[in-house]
Structure formats: C-alpha cells, structure tokens
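Trainee: next input, structure requested:
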Amino acid sequence: MSQTRFLVIRFLERIFREPIHLNALTQGRDFLSLSLRDRRLVTQLLYGILRNRKLLDYYIGQLSNRPLDKLDETVLWIVRLGVYQLHFLRIPDRAAVHESVSLCRKFKKTSAASFVNALLRGFQREDILLPHDNSAHSLAIRFSHPEWLVVRYLKRYGVKLTKNLLQRNNQLPTPFLWVNSFKTNLVDFCSQLDAESIPYEVYPQLPNCVIVNYPNFSRHILYQQGYCFFMDLASQEIVELSQVENKLRIGDFCCAPGGKSVLLASRKNANASFFCSDVNLSRLKDTRKRFELYEIPDRNFVQADFQFTGPFQKPFDFVLMDVPCSGLGTLRSNPDIRWRCSEQDLKRLHNLQFNLLKKGFDILQQGGELIYSTCSTEPEENEWVIQKFLSEEPRAILKGKFYRSFPEFHLGDCFFAAQIEHN
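Mentor: Next up is the predicted model:
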C-alpha cells in the first residue's frame, strides 16, 4: 500500500514542476510494474486529489496551525492524500492515517510525522462545515475550482448553470470510443464485445461511436491493435460539422494528437489529398504512428509553425484549425489544468489562436471552408477570436451558429467550434 501512495505523491510533485501531461505520468516503469488493482488505486488517488484540491486545502486550513503556503510541499501533498482518503474513500481510517505518517518517513520528512498524524486525527474528530452561500468564494471551495474561473462562470451563466457546470467538471468523463472504420465496422466490433461479455452501448447519433464501461479497456487487444480509440463525444461532433466528402484538398494544421485527423480521413473522398501538420515534431511523429496503427492510407505529414509562413503554396478547400488552448473545457479528464492555468494565460492564447486562424484562412481557396475549434469554455479563446477575425477579414463569412457543448447539459467535454467560409 505504501508503494502506491509513494508513487502518487511523486507524480503530484512532478506535475507542478515539469511541463508534462498528466497521462504521461502513468506510463512510467514504476507504474506499469504495479498490479492492475494498484494501478487503478494510483489513478483514483491521483485524479481524485487533483479534482478536489481546493476543497482538501479548505479542510486542512481549518485544522492546521500553520498557513498552507508555509508547509513543506511534500508534506502538504501527504496531508491532502490523507484527508482525501478519509473523506472520499472506503479505506479504514486507521490505515489512512498510518500510511500518511509512513510516507513522511519514506520521503525523509520524519519531523513532520507528528504534525500529519495530529491533523488527520483532528479531521476524524471535527465536523468541519463548508460555506453554503452562492458567492464565487464559496462555490470555488465546495466544487474545488479556482475562484477566478468561478467568477467568470457566474458572470456569464448565473448561479444555476454555473453550479451545473462545476458539478459536471468534477464528474468522470463518459468513455466514448470511435470504432476504426479502416480496420473493422461497427457490427463486427460490437459482435466481438458481445463474445467477451464486455458491456457497451452504441451511440446512434454519431457514426462508429460506442460507450464502453470496462476497466482498463485501453489494455484490451482490440484497443492495442488499433480497432478503436477513446475520443470525447464533443470532439467527434465537431468533425461531423465538416463537409469534407466533396473536398479535394484537406488540411489539419494543428493535428496532434490526431484524433480528429483520423475521423476526417475516414470521411474524405478517396481521391482527396489530406495533409496533417503540427509545430511539435515529437507529437507529429506520434500522430504518424497512430495513423500506421490504424492503417490509414494517404499519410502526408509536414512539420510547420502556422504562426509564421506555412509550407504550402497550393490552396486548400477545407482546413481544420483545432488550435492550442487552455484546455479548460476538459477538466473532467484533466483535473490538473484548473490549477496550472491562470487567467493571464488567456490573453497570450488569444493572440496565438488569432494568428493561427489568420494563417489557416490565408491558405483557404475561395469557396472553401475552415473549422476553428478549441476545448475551452473561455470567450478569449472562442467567440472573441472569431469576432476579431471577422471584423478584420472581409472575405470571411460565419456559417451557421457557434457550436458549444456547454454550459447546458452535454455528455461530452466543453468544446467550441465555428465554421467559416471563404467568400
């Protein structure tokens, strides 16, 4: 048990010291050497602590005789882990306290052991009341979100929709799969699931979309051999907005990690040219490997930074710009983002996104279509980018309404998209 918790604390420390994605932390040798049961526990603890960090800190702050910012970083993570187990999990209280104290010794923080023990014992005894009003401060504590983000939600959506959105951000994502039509079909894929008694549900509103609630399905041979992959519902819906069947030259210019690229490739005409580009060479190579695994033909990959001059001379009649963004619409899957992103980041991202949109449109031929998309809830990255662009580009026309999978109820994450035509 101590080894699993040791890995959790070490993961948590790395997340806020290195520019690394949360998923990458569970691909290390130490994690993979654990049993499946212990891997699930590590993942549950890791994501649970990140999702509830502000709430945990409120509880700790009510009991600690020292300000949280004065506590040793490792000791604070150990206390958060202990409080999370006591409050959210069915782990015996004695075991949760004992393991936390043991972690102090394992991380060579022996002097903090008595402090950790006393605080966790106090949490067991005390009935700590949470603030119950609807102020941004109170909602941020109860739903464990950064207060600046809650202020924004309240201003735009009001109390009821804000509460719904905060609650949704704390739920586990629905495990939507896209069935790889290059290697199989929906009927055969579901037949294989039936043969192994794996529970699933076909999502009829989208092609090749299935919900599979099965532990560690990403380790299943169907997944490992590229017959399917997890892809959020809203992300799949954005690709369905495109009309690529009659397009002859298609570009995905911020393609990594490649999920939307795969769906576009499955819908394009066999005679159409399809180019995938990204600024990050490593991520572009990973996307290429995914295409090879999924057996996608016509693979054209080009590294390019579309903030500057793109590498293409011949114009395109369809372009997807799934631009880099804050990721604030994916807090269910990426709970660390709420603590790593700041309000100041939004202006920088706005400028980047505007420049990418402009460059993507510049290579679009007359009559062509561009889809701009983000996985963010914030207007700086969404509506404001489009509005600024339309005001400065007379050849651009907004097609239809903005796509948003928020703040109203939706089974997917919070995505935004706009369809723009070249007049």
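
Trainee: and the helix or strand of the chain with the lowest mean pLDDT, what does it pack against?
Mentor: In the chain, the helix or strand scored least confidently by mean pLDDT, DSSP states H and E is helix 29-32, which has a mean of 88. Using 3 or more C-beta pairs under 8 Å, 6 or more residues apart in numbering; DSSP states H and E, the elements in contact with helix 29-32 are helix 36-51. Where C-beta positions appear, they are placed from N, C-alpha and C, glycine not excepted.

Trainee: return the set of buried residues in the helix it packs on.
Mentor: By neighbour count with 16 or more other C-beta atoms under 10 Å, helix 36-51 contains the buried residues 39, 41-43, 45-51.

Trainee: again, but for stretch 129-142
Mentor: So, applying 16+ other C-beta under 10 Å, buried residues of stretch 129-142: 136, 139-142.

Trainee: mind checking how far it is from the chain centre?
Mentor: 25 Å (C-alpha atoms, centre = their mean, to the nearest Å).

Trainee: and the end-to-end length of that stretch?
Mentor: 10 Å (C-alpha to C-alpha, to the nearest Å).

Trainee: what mean pLDDT would you report for that stretch?
Mentor: Averaging pLDDT along stretch 129-142 gives 97.

Trainee: the residue lying closest to D38 once chain neighbours are set aside: which element?
Mentor: Of all residues beyond its chain neighbours, the one nearest D38 is T4 (4.9 Å), with distances taken as C-beta to C-beta, 6 or more residues apart in numbering. Here T4 sits within helix 2-15, counting by DSSP states H and E.

Trainee: mind giving me the packing neighbours of that helix?
Mentor: For helix 2-15, the packing partners by 3+ C-beta pairs under 8 Å, 6+ apart are helix 36-51, helix 73-88, helix 93-106.

Trainee: how far away is the nearest residue to S100 once chain neighbours are set aside from L264?
Mentor: Spatial nearest neighbour of S100, excluding adjacent residues (C-beta to C-beta, 6+ apart): G82 at 3.7 Å. According to C-beta to C-beta, to the nearest Å, G82 and L264 sit 47 Å apart.

Trainee: try A418
Mentor: 17 Å.

Trainee: find me the pLDDT at the residue nearest to S100, would you?
Mentor: For G82, pLDDT reads 97.

Trainee: heads up, I number from 19, so please use that
Mentor: All right, first residue 19 from here; so that's G100.

Trainee: I'd say it and V115 touch.
Mentor: Yes. Between G100 and V115 there is a contact at 6.6 Å, judged by C-beta atoms under 8 Å.

Trainee: which neighbours do those two share?
Mentor: Contact criterion C-beta atoms under 8 Å, 6 or more residues apart in numbering; residues shared by G100 and V115: L138.

Trainee: if you count what's nearby, which of these two comes out ahead?
Mentor: Neighbours were counted for G100 and for V115 using other C-beta atoms under 10 Å; G100 has more, 26 against 20.

Trainee: got a list of what that one touches?
Mentor: With C-beta under 8 Å, 6+ apart, G100 has these contacts: 114-115, 117-118, 134, 137-138, 141.

Trainee: do N441 as well
Mentor: Counting by C-beta under 8 Å, 6+ apart, N441 touches 384, 413-415.

Trainee: what about 7 Å?
Mentor: 413, 415 (C-beta atoms under 7 Å, 6 or more residues apart in numbering).

Trainee: any figure for the gap between it and L86?
Mentor: 55 Å.

Trainee: again, but for E36
Mentor: Counting by C-beta to C-beta - E36 and L86 are separated by 22 Å.

Trainee: more neighbours: the two, which one.
Mentor: L86 (13 against 10).

Trainee: returning to that earlier point: can I have the buried ones of the contacts of G100 as a ChimeraX selection?
Mentor: Selection of buried members from the contacts of G100 for ChimeraX, criterion 16+ other C-beta under 10 Å:
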select :114,115,117,118,134,137,138,141
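
Trainee: want to throw the contacts of G100 into a markdown table with pLDDT and distance to T180?
Mentor: Formatted as a markdown table, the contacts of G100 follow (pLDDT from 0 to 100; distance: C-beta to C-beta, whole Å):
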| residue | pLDDT | distance to T180 |
| --- | --- | --- |
| A114 | 92 | 33 |
| V115 | 95 | 36 |
| E117 | 94 | 36 |
| S118 | 96 | 34 |
| V134 | 97 | 35 |
| L137 | 97 | 32 |
| L138 | 97 | 32 |
| F141 | 97 | 29 |
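
Trainee: now do the helices in the stretch 219-368 of the chain.
Mentor: Secondary structure of the stretch 219-368 of the chain (DSSP state H, counting those that start in this stretch): helices at 239-242, 251-258, 277-285, 299-311, 355-358, 363-380.

Trainee: mind checking which of these is nearest F271?
Mentor: helix 363-380 (5.4 Å; C-beta to C-beta).

Trainee: what packs against the closest one?
Mentor: With contacts defined as 3 or more C-beta pairs under 7 Å, 6 or more residues apart in numbering; DSSP states H and E, helix 363-380 has these neighbours: strand 334-340, strand 382-392, helix 401-410.

Trainee: coming back round to it: which of the contacts of G100 sits closest to L74?
Mentor: Within the contacts of G100, the smallest distance to L74 is 10.0 Å, found for F141 (C-beta to C-beta).

Trainee: downstream of the host helix or strand of that closest one, the next helix or strand is which one?
Mentor: Here F141 sits within helix 131-143, counting by DSSP H and E. For helix 131-143, the following helix or strand on the C-terminal side (DSSP H and E) is helix 154-160.

Trainee: can you name every helix or strand that that following helix contacts?
Mentor: helix 71-81, helix 165-187.

Trainee: report the buried residues of the longest one.
Mentor: To tie it back to what came earlier, the one meant is helix 165-187. 167-172, 175, 179-184, 186-187.

Trainee: equivalent analysis for stretch 193-205, please.
Mentor: 194-199, 201-202.

Trainee: pipe those residues into JSON lines and attach pLDDT, distance to K286 and secondary structure per row.
Mentor: Output for the buried residues of stretch 193-205, formatted as JSON lines (pLDDT from 0 to 100; distance: C-beta to C-beta, whole Å; DSSP: H, G, I helix; E, B strand; the rest coil):
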{"residue": "F194", "pLDDT": "98", "distance to K286": "22", "secondary structure": "strand"}
{"residue": "L195", "pLDDT": "98", "distance to K286": "21", "secondary structure": "strand"}
{"residue": "W196", "pLDDT": "98", "distance to K286": "16", "secondary structure": "strand"}
{"residue": "V197", "pLDDT": "98", "distance to K286": "18", "secondary structure": "strand"}
{"residue": "N198", "pLDDT": "98", "distance to K286": "15", "secondary structure": "coil"}
{"residue": "S199", "pLDDT": "97", "distance to K286": "12", "secondary structure": "coil"}
{"residue": "K201", "pLDDT": "98", "distance to K286": "17", "secondary structure": "coil"}
{"residue": "T202", "pLDDT": "98", "distance to K286": "19", "secondary structure": "coil"}
